[in-house]
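Visitor: This is a predicted model, with the sequence first.
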Amino acid sequence: MPSAELTTDVVTSLDGIRALTTDYEHLYALTANTLPFAMQEWHLTWCAHFLNRNPKIREEPLFYVLRNDVGECVSIVPLIYSRRRFGMIDFATVDLVGADPALTEIRTPLVAPGYERLTVRAVHDNLAHVRDWHWIQWASISGPLAQAMAEEVAPQWQEIKEDFVLDLPATWEEFRAGLKRNIRESLRHCYNSLKRDGHRFEFVVAETPADVRAALDRFLVLHTLRSNMTDAAAHPNRFVGAALRAFLFDICENLAARGSVRLFQLKIGDEIVASRIGFVVRDSIYLYYSGFDPAWARYSVMTTTIAEAFKYAMAQGLKTINLSLTGDQSKLRWRPRMVPYHTASVQRARLSSRVAHWAYREAHDALSTNRSVQGRLLRSFVRARRDWN
């Protein structure tokens with residue numbers, strides 16, 4: 001049984017986060033974490049790039065580090081305290097690290113199994129001593145942590161995000177045999193169409209910091225080309241701002257230093273025509289953003305790149321591939337399992353907090369439905385935000 005006696009350390013600086021390396025490594029093993037977004041490098045790089053980029057927002061790390069009665073770290077809850085002005089009202093909120101334009105796709109803390117309720121209880125007990133916050137946003141938390149929240153506090157539940165994970169057999173042949181016939185035919189077409197037109201491809205994997213940095217330049221070109229396509233499913237350019245590109249280079253360099261980056265590239269002749277970033281964490285690869293040259297779209301070069309990445313993962317003895325969020329057909333055809341992540345907000349038990357949260361939600365809903373007065377209020381609030389460009 002988990003010890004009910006937990007001590008809580010509160011970390012409010014980047015130096016303090018850097019000092020937690022041993023605790024992070026302990027929790028990676030204890031939780032079997034396979035998400036790059038829960039890693040120390042991600043949290044540090046995110047804070048270094050995005051905190052306090054707007055003088056109208058005051059932000060600071062508020063990392064809760066929980067230890068049991070023998071001093072072992074059982075939870076790291078990486079929160080950010082933000083204070084900003086909305087008209088005549090000051091809003092102070094607490095969020096998990098990663099409130100960004102879809103860079104941090106899953107923002108879940110590291111919590112040892114069995115310590116979920118104690119973690120929720122300890123975080124909220126400690127937040128009671130933090131001045132002036134109105135609500136905390138728990139984004140993309142696991143099922144056990146969501147259950148603990150339902151038992152400990154009064155959450156207001158929001159959307160459930162669906163993550164898609166592919167369990168890998170030992171060999172490509174076994175994997176391919178389990179696919180539907182039409183998918184097997186599609187794969188055959190990808191390879192045969194290139195061969196039929198006299199094109200030979202090479203699958204290139206960049207993984208050292210120097211190779212990854214060089215490959216990212218071409219990735220960004222391909223990602224932009226893909227986002228500009230008008231005759232296919234929309235894929236936004238996630239790295240259109242200079243700050244976002246700088247973060248991508250740094251996070252890939254930092255994770256590559258620990259051997260956690262694979263930049264999968266399909267090369268035809270002298271040209272890289274398709275690229276996808278992968279993050280290797282323990283025995284899994286998380287497939288991040290991609291791009292390809294539309295001039296090669298009729299050969300389905302992105303599908304070939306993904307198939308080659310699958311082969312690579314199996315050859316390396318990896319157990320799972322995380323296809324990331326959203327269940328579009330390009331992911332569902334591989335027959336992955338779905339992992340739900342829950343999001344909820346918890347208001348402080350004060351009238352001012354309830355009013356502030358209500359006003360924010362009303363304005364947010366008005367903006368999405370084009371109700372003019374509240375929408376203008378929210379647009380005024382949104383001006384006080386981080387500069388992603």
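Guide: Arrived safely. Note that this is a predicted model, so its numbers are computed, not measured.
Visitor: Check whether I136 really touches I80, as I assumed.
Guide: No. The criterion here is Cβ atoms under 8 Å, and I136 misses it with I80 at 10.5 Å. All C-beta atoms are positioned from the backbone trio N, CA, C, and that covers glycine.
Visitor: Give me the common contacts of those two.
Guide: Contact criterion Cβ atoms under 8 Å, 6 or more residues apart in numbering; residues shared by I136 and I80: 94-95.
Visitor: Report the residue spans of this protein with pLDDT below the cut-off.
Guide: 1, 3, 86-89, 349-387 (pLDDT under 70).
Visitor: and the residue nearest the centre of it, what element?
Guide: Nearest to the mean C-alpha position of the chain, counting by Cα atoms, centre = their mean, stands E105 at 2.4 Å. Using DSSP states H and E, no element contains E105; it sits outside every helix and strand.
Visitor: List the contacts of it.
Guide: Shown in contact with E105 (Cβ under 8 Å, 6+ apart): 37, 140, 288, 324-325.
Visitor: Just put the residues you listed in JSON lines and tack on secondary structure, neighbour count and distance to P55.
Guide: JSON lines is the format used below for those (DSSP: H, G, I helix; E, B strand; the rest coil; neighbours: other Cβ atoms under 10 Å; distance: Cβ to Cβ, whole Å):
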{"residue": "F37", "secondary structure": "helix", "neighbour count": "23", "distance to P55": "28"}
{"residue": "S140", "secondary structure": "strand", "neighbour count": "23", "distance to P55": "29"}
{"residue": "Y288", "secondary structure": "strand", "neighbour count": "21", "distance to P55": "31"}
{"residue": "S324", "secondary structure": "strand", "neighbour count": "16", "distance to P55": "34"}
{"residue": "L325", "secondary structure": "strand", "neighbour count": "17", "distance to P55": "33"}
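Visitor: farthest pair in these?
Guide: Within these, S140 and Y288 form the most distant pair, 15.4 Å apart (Cβ to Cβ).
Visitor: Could you name the helices and strands sitting against the strand of greatest length in the chain?
Guide: Ranked by number of residues, the top strand in the chain under DSSP state E is strand 73-86. Secondary-structure packing of strand 73-86 (3 or more Cβ pairs under 8 Å, 6 or more residues apart in numbering; DSSP states H and E): helix 21-31, strand 58-67, strand 89-96, strand 110-111, helix 116-127, helix 372-382.
Visitor: Select, out of those, the one closest to A177.
Guide: With distances scored as Cβ to Cβ, the stretch of the helices and strands packed on strand 73-86 nearest to A177 is helix 21-31 (33.1 Å).
Visitor: Thanks a lot, catch you later.
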